[in-house]
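# I would like to see how this sequence folds:
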Amino acid sequence: LEKLTAEFNDDHKNTDGYQVKLVALGGSYDTLDDYVKKQLNAGKTPSITMGYPDSFSGYMGSRGVANSQILNLDDFIKDDSDFDSSSFLSAYWDEGKHYQYEGTWSVPMYKSTEAMYYNIGEFHKTNWYKTNKDKTENKTDVNGGSYTVALGDPNTWDWETLVTACTAIKEEKKGLSEFYALGYDSDSNLFISQMKQRGIQYTTASGNTPDAHYSFYNDAKSKADLKELTTEIYGLTSKKIMATKTTYGSYSSDLFLQGKVMFTIGSTGGSAYNDPTGLNWSDGVGLAKVPAYKNNQQYILQGPSVCFFNTDDSAKEKVAWEYYSKYLSNDQLNAELALENSYDPVRLNSYDSKSYSAWTAMGLDENGDDNPNKPLKYRIPNLTKTLRENYFTSPVFIGSSAARTEIGNILKYVDQKNGDIDQAIVEVYNNSVLASK
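Numbers count the residues shown, from 1 in each chain. The predicted model follows:
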């Protein structure tokens with residue numbers, strides 16, 4: 001990012017004099033969102049920020065397009081003869097069109113999803129693996145089609161197989177003082193993904209009142225199905241078969257590298273936290289797509305986008321757009337930026353670039369297959385390129401960020417309500433509605 005920004009600044013210092021100043025912040029995207037809000041409230045409007053659509057929706061507000069703090073980008077796109085939106089991966093580009101007002105309000109920076117990481121050596125030592133490694137199971141998916149699971153290959157597993165394996169492995173390891181067969185870094189992603197794969201309604205962008213957005217509560221079947229899902233997940237966590245960020249108190253990647261978790265699910269953008277390089281894992285770390293419920297392979301799309309603020313300075317806004325269109329999203333530069341952060345580039349041509357080819361080749365063995373002993377940052381793109389047609393995003397509206405947080409708190413609320421899952425769902429709903437007002 002510093003490299004492409006320096007290139008932009010060098011190109012502009014002797015022309016219009018505009019310079020981009022990067023403001024680096026520690027912490028999470030919530031930290032970034034809080035910082036931007038404080039800047040806006042202080043009258044210090046930035047030109048551009050990276051972030052997530054849930055935050056951008058808040059900057060847009062509910063008082064109409066004319067009062068939005070960020071810009072509708074359609075005119076910039078139309079007036080830029082060198083810019084072609086069809087050169088972007090469609091799922092990445094379309095994300096910027098699903099806000100409370102029509103038009104394009106954000107553009108993709110780089111993207112990620114989730115993956116499953118596992119300790120190959122320890123998995124192969126389990127009795128479950130030794131007993132089942134050569135077995136296959138023929139199954140029926142959510143649409144009535146057929147698929148096959150190879151029990152010895154986690155990359156073929158569905159959610160049911162993962163739960164079965166982890167339950168058995170936990171039983172094998174019951175003598176250990178602290179061991180979870182499965183870890184999941186994000187409770188929110190766990191529930192949102194499972195709800196999507198199971199056909200449970202989560203939220204909707206439509207509705208004229210704050211309470212209308214929460215389909216998981218308003219739709220009777222979805223509410224009942226969410227209770228069933230929560231019962232299942234709570235059963236796994238209470239038996240310490242699974243650890244999540246909420247139930248354990250820290251990311252499962254920490255436990256994974258300590259050997260206290262065998263399988264862990266987390267962001268591809270955070271793969272470095274699951275990389276055992278230097279820990280002498282002789283068999284390496286396994287990398288697989290996240291097992292999906294009844295093989296309904298729908299995976300959450302993550303990774304930051306970019307929005308542009310209304311600065312009341314059309315010349316500056318035009319140059320800010322140029323920074324994105326010609327530098328930040330440049331085929332070659334975006335590939336380099338994305339890959340060094342374990343993300344996927346946003347332009348189709350980036351995947352044909354020399355940078356992308358050279359980078360991903362370093363994750364393969366001499367036969368062109370995934371090499372479990374190579375650093376994950378080189379291997380991730382070879383996995384995610386097979387998932388791009390299966391991404392989904394959640395509806396965006398004022399309060400959608402809180403809804404994401406609240407659905408991720410549901411296991412905590414179950415504990416607080418002494419195991420009453422109905423009351424936990426009510427708590428999620430009430431807190432979400434409150435944040436939408």
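# now for the host helix or strand of residue 11, which elements pack on it?
Element membership for residue 11, per DSSP states H and E: helix 2-12. Counting contacts by 3 or more C-beta pairs under 8 Å, 6 or more residues apart in numbering; DSSP states H and E, helix 2-12 is packed against helix 331-340. Yep, even glycine has a C-beta here, placed from its N, CA and C like the rest.
# what pLDDT does the residue nearest the centre of the chain get?
Centre of the chain computed as the mean C-alpha position; nearest residue by C-alpha atoms, centre = their mean is residue 302, 3.1 Å away. In this prediction, residue 302 carries a pLDDT score of 95.
# Ignoring the adjacent residues along the chain, who's closest to it?
residue 112 (4.7 Å; C-beta to C-beta, 6 or more residues apart in numbering).
# how many neighbours does that neighbour have?
Per other C-beta atoms under 10 Å, the neighbour tally for residue 112 reads 22.
# For it, give me the backbone phi and psi.
phi -150, psi 180 (degrees, to the nearest 10).
# Surely it is in contact with residue 268?
Yes. The pair residue 112 / residue 268 is scored as a contact, 4.5 Å apart, by C-beta atoms under 8 Å.
# any shared contact partners between the two?
Common contact partners of residue 112 and residue 268 (C-beta atoms under 8 Å, 6 or more residues apart in numbering): 342-344, 384.
# quick one: which of these is nearest residue 25?
Relative to residue 25, the closest of the shared contacts of residue 112 and residue 268 is residue 343; by C-beta to C-beta it sits at 17.9 Å.
# which ones are touching that closest one?
By C-beta under 8 Å, 6+ apart, the residues touching residue 343 are 110-112, 268-269, 303.
# Buried ones only from those residues, please, as a PyMOL command.
If you want just the buried ones from those in PyMOL, going by 16 or more other C-beta atoms under 10 Å, the selection is:
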select buried, resi 110+111+112+268+269+303
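# could you dump the contacts of residue 343 to TSV with secondary structure and distance to residue 36?
Below are these laid out as TSV (DSSP: H, G, I helix; E, B strand; the rest coil; distance: C-beta to C-beta, whole Å):
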residue	secondary structure	distance to residue 36
110	coil	19
111	strand	21
112	strand	21
268	helix	25
269	helix	20
303	coil	18
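# Okay, and residue 78 sits in which element?
If you go by DSSP H and E, residue 78 is part of helix 74-79.
# what comes up buried for that helix?
Of all the residues in helix 74-79, those buried under the rule 16+ other C-beta under 10 Å are 76-77.
# And the average pLDDT for the next helix or strand after that helix is what?
Moving toward the C-terminus from helix 74-79, the next helix or strand (DSSP H and E) is helix 90-94. In this model, helix 90-94 has an average pLDDT of 96.
# got a list of contacts for helix 90-94?
85, 107-108, 111, 301, 346, 388, 391, 393.
# all strands of the protein, in order?
For the chain, applying DSSP state E gives strands covering 48-51, 107-108, 114-119, 136-140, 146-150, 180-184, 242-244, 261-267, 285-288, 299-300, 305-308, 391-392.
# and the fourth one, which residues are buried?
Neighbour counts using 16+ other C-beta under 10 Å place residue 137 of strand 136-140 among the buried residues.
# and it, average pLDDT?
In the prediction, strand 136-140 has an average pLDDT of 98.
# Show me how far that strand is from its chain's centre.
Taking C-alpha atoms, centre = their mean, to the nearest Å, the mean C-alpha location of strand 136-140 is offset from the chain mean by 29 Å.
# The last one now?
Counting by C-alpha atoms, centre = their mean, strand 391-392 is centred 10 Å from the centre of its parent chain.
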